[in-house]
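J.: Predicted structure and sequence below. I'll ask about it afterward.
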Amino acid sequence: MKENEKAQEQELEKVYYVAGLIMKHLRGELTELEEAVLNAWIEESEANRLLFHDLTDPERLHSSLGHLSKDSSAAFERLKKKFAASSPKTIRLASPWRWAAVAAVLIVAAGIALLPYMTNRKQQLENSSTAKATVDIPPGGNKAVLTLADGSKIVLDAAADGTLARQGNAVISKKGEQVIYDVSSSTDNQEALSLKSNTITTPRGGQYPVILPDGSKVMLNAASSITFPPVFTGTERKVEITGEAYFEVATLRLRSGQKMPFKVVVNGMQVEVLGTHFNINAYADEPIIATTLVEGAVKVMKEGKEVRLNPGQQSQLTKTNELKKVENANLEEAVAWKNGVFYLSSADIGSIMRQISRWYDIEVEYTHGIPAGHISGEVPRSMNLSEVLKVLQESGVKINLDGKKVMVQ
């Protein structure tokens, strides 16, 4: 009989100890060793796991203990006295449910004292859940629509790899997340094809890489487009863009041996190149059209005005058609989007929010006008919107998000 009582006393001590660990868990006071012991107990059985969940779930505790909140101190003292008056001899632990009952008494007692904490914790979880559902807007990705010369459309991000269409001798195919135009050496029908045009358009929250019929590579940024013929013929190659695009122009020679010029037309402005890498930012909501040269040479023309650029230089066309040259452009900033980052160094808040708006397909409003000041640093474009906004908030920008609308104070 004494051995049985001793076993019950040891079991009761275990109840006290584990219940104490659970209380400390609720308060966030566990040491690493205590956390390991508690986890080991939880893993001992499915009954332990379920009991732990029931006794620590914020919703369940808040609901179960809410009616006791008016007199929590007195209730806590009554339970302590009642339990202290018991002895190992008067408590039988012959079955798991009795163990659970004793532990529950202890946890309920602790729960009364911890009710304010659990109320706050419940509110934190609710706020966190609401914020996550509202704020976690994923970044943009490779999305685009190809409009063929006959008006038919192909959603490129939904299309399978392989041949998408044929236009005369031009074979349009998709490989991975890239659309490729391949033209045979035959000249049949090429003149007729050059008079037609294809357009690739990216939505807000999209970008897309393209290999043109001459082998030139183009990366379209969000809310942009490029229009071009399925075959380049004659004495020049000409494309038209909206939005923003980065070009790596391939060298192509005429029958005379001379290089075939490559021309980009945007909003009445023309950029002429022979073989080069450059970026054009021509969004309608930006104050200027900026052409930034990375390597090679380009000539920018607008209504009889002309600017020649060397690597590291930028031309800027204002809304009043003033064309000027910047000798030392910030190349890192100009091509940051292509390299997968938001470049924030010395960028004004309005410029940053326009980039974010296009990439995450959100609306931005200013409650008191665009705040003054600049922000420094780089943020990956692969981050969720919530993470990007957190960086801005830590930099002093006051932001609230309501659905897909960002309010800047």
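T.: Nice, I can see it.
J.: Could you check how many residues crowd around residue 328?
T.: 8 (other CB atoms under 10 Å). Just so you know, the C-beta spots here come from the backbone N, C-alpha and C atoms, and that holds for glycine as well.
J.: Where does the residue nearest to it when sequence neighbours are not counted fall, secondary structure wise?
T.: With CB to CB, 6 or more residues apart in numbering as the criterion, residue 328 has its nearest non-adjacent residue at 6.4 Å, and that residue is residue 312. Following DSSP states H and E, one finds residue 312 outside all helices and strands.
J.: Would you enumerate the residues in contact with residue 312?
T.: 293, 328-329, 331 (CB atoms under 8 Å, 6 or more residues apart in numbering).
J.: tell me the two of the residues you listed that are most distant?
T.: Largest separation among the contacts of residue 312 by CB to CB: 293 and 328, giving 11.9 Å.
J.: what do those two both touch?
T.: Residues touching both residue 293 and residue 328 (CB under 8 Å, 6+ apart) are 312-313.
J.: Let me see the contact set for residue 272.
T.: 261-263, 298-301.
J.: and if we set it to 7 Å?
T.: 261, 263, 298-299, 301 (CB atoms under 7 Å, 6 or more residues apart in numbering).
J.: Next: residue 270.
T.: Residue 270 neighbours (CB under 7 Å, 6+ apart): 263, 301.
J.: Same check on the one 10 residues further on?
T.: Under the criterion of CB under 7 Å, 6+ apart, the neighbours of residue 280 are 241, 244-245, 264, 266, 271, 291.
J.: Am I right that residue 263 falls within a strand?
T.: Yes - with DSSP: H, G, I helix; E, B strand; the rest coil as the criterion, residue 263 is part of a strand.
J.: give me the beta-bridge partners of it?
T.: According to DSSP bridges, the partner residues bridging residue 263 are residue 238, residue 272.
J.: Just the ones in helices from the contacts of residue 280, please.
T.: Here DSSP state H is the test, and the contacts of residue 280 give no hits in helices at all.
J.: and of the residues you listed, the nearest to residue 357?
T.: residue 244 (13.5 Å).
J.: Roughly how far does the nearest residue to the closest one once chain neighbours are set aside sit from residue 22?
T.: Take residue 244 and drop its neighbours on the chain: the residue closest to it by CB to CB, 6+ apart is residue 221, 3.8 Å away. Using CB to CB, to the nearest Å, residue 221 is found at 53 Å from residue 22.
J.: quick one on the thing from earlier: I'd say the residue nearest to residue 244 and residue 339 touch.
T.: No - here residue 221 lies out of contact with residue 339, judged by CB atoms under 7 Å, at a distance of 11.9 Å.
J.: These two: which is more packed in?
T.: Between residue 221 and residue 339, residue 221 has the larger neighbour count (other CB under 10 Å), namely 23 against 12.
J.: which residues does that one contact?
T.: Contacts of residue 221 (CB under 7 Å, 6+ apart): 207, 243-245, 337.
J.: For these, give me CSV that also has pLDDT and neighbour count.
T.: What follows is those, written out as CSV (pLDDT from 0 to 100; neighbours: other CB atoms under 10 Å):
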residue, pLDDT, neighbour count
207, 97, 27
243, 98, 21
244, 98, 27
245, 98, 25
337, 97, 22
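J.: Which members of these are positioned in strands?
T.: 207, 243-245 (DSSP state E).
J.: so how far is stretch 208-223 off the chain centroid?
T.: Between the centre of stretch 208-223 and the centre of its chain there are 23 Å (CA atoms, centre = their mean, to the nearest Å).
J.: Keeping just the C-alphas, turn that stretch into CSV.
T.: Below are the C-alpha coordinates for stretch 208-223, written out as CSV (Å, rounded to 0.1, in the frame of the first residue of the first chain):
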residue,chain,number,x,y,z
TYR,A,208,9.0,39.3,-69.8
PRO,A,209,12.1,38.4,-71.8
VAL,A,210,12.0,38.4,-75.6
ILE,A,211,14.4,37.3,-78.4
LEU,A,212,13.6,39.3,-81.5
PRO,A,213,13.8,38.0,-85.1
ASP,A,214,17.4,39.4,-85.4
GLY,A,215,18.6,37.8,-82.2
SER,A,216,18.4,41.0,-80.1
LYS,A,217,17.4,40.4,-76.5
VAL,A,218,14.8,42.6,-74.8
MET,A,219,13.5,42.5,-71.2
LEU,A,220,10.1,44.3,-70.7
ASN,A,221,9.3,45.7,-67.3
ALA,A,222,5.8,45.8,-65.8
ALA,A,223,3.1,47.6,-67.7
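J.: For it, buried residues please.
T.: For stretch 208-223, burial by neighbour count (16 or more other CB atoms under 10 Å) applies to 208-214, 216, 218-223.
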